[in-house]
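Chemist: The following block contains a protein sequence and its predicted model.
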Amino acid sequence: MGEFDAAGELMTGALLGRAVEPRTGEWHAPDAMCLNCGTALIGAHCHACGQSGHVHRSLGAIGHEILHGVAHFEGKIWRTLPLLAWRPGELTRRYIAGERSRFVSPMALFLFSIFAMFAAFSWAGIGPPVDLRGEDGYPIAAIRAEREKASEERDKAVAALPAADPAEKVELQDAIRELDAKLSGLDAAAAELKEETAHVTTAHTGIETLDHGLEKWKKNPSLMIYKLQSSGYKFSWLLIPLSLPFVWLLFFWKREYKLYDHTVFITYSIAFMSLLFIAITIGASIGLSPGWLTFAALGIPFVHITRQLKQAYRLRWRSAIVRAVLLTVCIEIVLMLFLAILLLLGITG
């Protein structure tokens, strides 16, 4: 199912990204009149109601929209990705300066890359094993299910015993003895597991909702981890406001840089990191050297942040490196805050 989940998440990200991506600079020859309000068209969109002058009415057009979203955002992504990879600060600066129709917007690229990253994780089978069968977590649930199955088989064998011929009775009696032994073993395993986990106590905070969530976490930790993973991409946008104060602190005395500028910087940066982790995930899946993958995971982000800082804020190399070191520490704080929020959402959800 991982491939289907990956495809679904990739398509969702593409369509969400396309939904927020402005269509400025994309001209299609319109009809003479707006099909929505009847106003004469003088451009790609109706100046009265805003509807696009070019409308589709075919199943192929829906596929065309999906392919546009997944593949190239109407060609903008092929102009955006090279700059994002090698000259991220220039891309940031040019977008802030007003070159909007040439490039994929930060938020559209962010949405696409985040969903694509989780699609890659799903495709590669990265994720916790999940037991969704109820309050009790694995392996207790598995032991109970196996015991129920063995008990049903024993009951059937006992019921068939009176009507069986002598040879069949011997076979049934042997089967009953084996099932009795199996049931005893399962009971012993369950008792041992309960004894091992008896010392694990759940913290009591005095807050009913929080205590209830902690109790659920204790009973089924794998399900809670799954919920954290699901919340990870749903609330990934929180990384932007969490990072904003730290980037602002690096330049708070430079009045020419506004909060909007820092937000564009952060959003493009997160999009690049997501795409990098997609490449690393694919590289690991096809058997690339762990050493190279570790270098890519640890070295490339710092180099990229340094280059983006230098180019976007017109810094000298020394100043960019110092700020990149400080920003790396801030990123660790942001990730811990993000994880804490996810844990709180998982416990109280």
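Modeler: Sure, I can see it.

Chemist: hang on, L276 packs against P301?
Modeler: Yes - taking contacts as CB atoms under 8 Å, L276 lies within contact range of P301: 6.9 Å. Every C-beta, even on glycine, is put in place using the N, C-alpha and C of the backbone.

Chemist: where does I305 land in three-state SS?
Modeler: Here I305 is helix, with the state taken from DSSP: H, G, I helix; E, B strand; the rest coil.

Chemist: What strand or helix carries the closest residue to it other than its chain neighbours?
Modeler: Closest residue in space to I305, ignoring its immediate chain neighbours: A324 at 4.8 Å, by CB to CB, 6 or more residues apart in numbering. Using DSSP states H and E, A324 sits in helix 317-348.

Chemist: tell me which element A48 falls in.
Modeler: Secondary structure from DSSP H and E places A48 outside every helix and strand.

Chemist: got a list of what the nearest residue to K310 once chain neighbours are set aside touches?
Modeler: Take K310 and drop its neighbours on the chain: the residue closest to it by CB to CB, 6+ apart is A320, 3.8 Å away. Counting by CB atoms under 8 Å, 6 or more residues apart in numbering, A320 touches T306, R307, L309, K310, Y313.

Chemist: Tell me how many other residues crowd the last one.
Modeler: If I follow you right, that is Y313. 22 (other CB atoms under 10 Å).

Chemist: And the fourth one, by the same measure?
Modeler: K310 has 20 neighbours, counted by other CB under 10 Å.

Chemist: hang on, it packs against G89?
Modeler: Yes - with contact defined as CB under 8 Å, K310 reaches G89; the gap is 6.1 Å.

Chemist: count of residues packed around the closest residue to P290 other than its chain neighbours?
Modeler: Distances taken as CB to CB, 6+ apart place A284 nearest to P290, at 7.9 Å, with adjacent residues excluded. By the criterion of other CB under 10 Å, A284 has 15 neighbours.

Chemist: Backbone torsions only: list them for A284.
Modeler: phi -70, psi -40 (degrees, to the nearest 10).

Chemist: what do you get for the one 4 residues further on?
Modeler: Recorded main-chain torsions at L288 are phi -70, psi 160, according to degrees, to the nearest 10.

Chemist: For the chain, which segments count as helices?
Modeler: With helices called from DSSP state H, the chain shows them at 2-20, 59-67, 76-86, 88-97, 106-123, 140-160, 166-197, 208-219, 221-234, 239-250, 259-285, 290-313, 317-348.

Chemist: Pick the most deeply packed of those helices.
Modeler: helix 106-123 (a mean of 24; mean count of other CB atoms under 10 Å).

Chemist: the inter-axis angle of it versus helix 88-97?
Modeler: Our comparison of helix 106-123 with helix 88-97, counting by axes from the mean of the first three to the mean of the last three CA atoms, to 10 degrees, yields an angle of 140 degrees.

Chemist: Helix 106-123 - what's its average pLDDT?
Modeler: For helix 106-123, the mean per-residue pLDDT is 83.
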